[in-house]
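Undergrad: My questions are about this predicted structure, shown below with the sequence.
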Amino acid sequence: MSHTHTNLLTHIVFSTQGFLPLITSEMKRELFAYMGGLVKELKGKPIIINGMSDHVHLFVLLPPNVSISDAMRFLKANSSRWVKERFGKKFAWQKGFGAFSVSRSNADAVAKYIRDQERHHKGFDLKTEFVSLLNKNGVDYDERYLWD
C-alpha cells in the first residue's frame, strides 16, 4: 500500500477559562462555524460542533499528520482571538481538553449526543458530564488536577 489511509474520528471537549459562561447565544452559531473553518484549514473535517455557554464539543475527522494537541493549540488560539476581535469581548479557553477516539459504528450516537447538548445539560453540569466521559472512555485522571 503506497498511501496512508485513516479514519481518525475524535470527540473533543474543552471549556472556557474558569468555566465562565462566555459563549453567548448571539455568538454561538458564528463561533462554531468559525471553529469548523479552522478544522478545515488543518485539512480535517468538522462533523458537528456544539456546546453550551461554558464549553464546546467538537466531533472531527483529523488527518494523520496533525496531532490532537497541535490542532487544539491552533483552534483555541485562533478562535479566542476571533471572538475578541469580532465581539470585542474578553475571551479565553481553558488550558487542557479531553479527546476521545470514536469508532465508525458509534459516530452517529456521538453526533446525536453533541447535537442534543441543550437537552443533556438540563440534568447535569459540565463537570459531571466530563467525568462521565473520562470514565466511559477509560481515561485515568487525578481529581486534584482535573479542574485547573
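TA: Cool, got the structure. Bear in mind that the values here come from a model prediction, so they are computed numbers and not experimental data. Residues are numbered from 1 along each chain as shown.
Undergrad: Could you pull out the strands in the protein for me?
TA: 9-15, 45-52, 55-61, 98-101 (DSSP state E).
Undergrad: next one: phi and psi at Pro64?
TA: phi -70, psi -20 (degrees, to the nearest 10).
Undergrad: what's next to the lowest-mean-pLDDT helix or strand in the chain, contact-wise?
TA: Between all helices and strands in the chain, the lowest mean by mean pLDDT, DSSP states H and E belongs to helix 117-120, at a mean of 80. With contact meaning C-beta atoms under 8 Å, 6 or more residues apart in numbering, helix 117-120 is reached by Asn50, Gly51, Met52, His57, Tyr113, Glu129. Every C-beta, even on glycine, is put in place using the N, C-alpha and C of the backbone.
Undergrad: Near the third one, how many other residues are there?
TA: Using other C-beta atoms under 10 Å, Met52 is surrounded by 19 other residues.
Undergrad: so who does it touch?
TA: Contact analysis of Met52 by C-beta under 8 Å, 6+ apart lists Ile23, Gln117, Glu118, His121, Leu126.
Undergrad: Repeat that for His121.
TA: Applying C-beta under 8 Å, 6+ apart, the residues near His121 are Met52, Glu129.
Undergrad: Now do it against Thr128, distance only.
TA: From His121 across to Thr128, the span is 9 Å (C-beta to C-beta, to the nearest Å).
Undergrad: And Phe97, by the same measure?
TA: Taken as C-beta to C-beta, the span from Phe97 to Thr128 is 17 Å.
Undergrad: same deal with Arg81?
TA: As defined by C-beta to C-beta, Arg81 lies at a distance of 30 Å from Thr128.
Undergrad: quick one: buried residues of stretch 24-44?
TA: Met27, Lys28, Leu31, Phe32, Tyr34, Met35, Gly36, Leu38, Val39, Leu42, Gly44 (16 or more other C-beta atoms under 10 Å).
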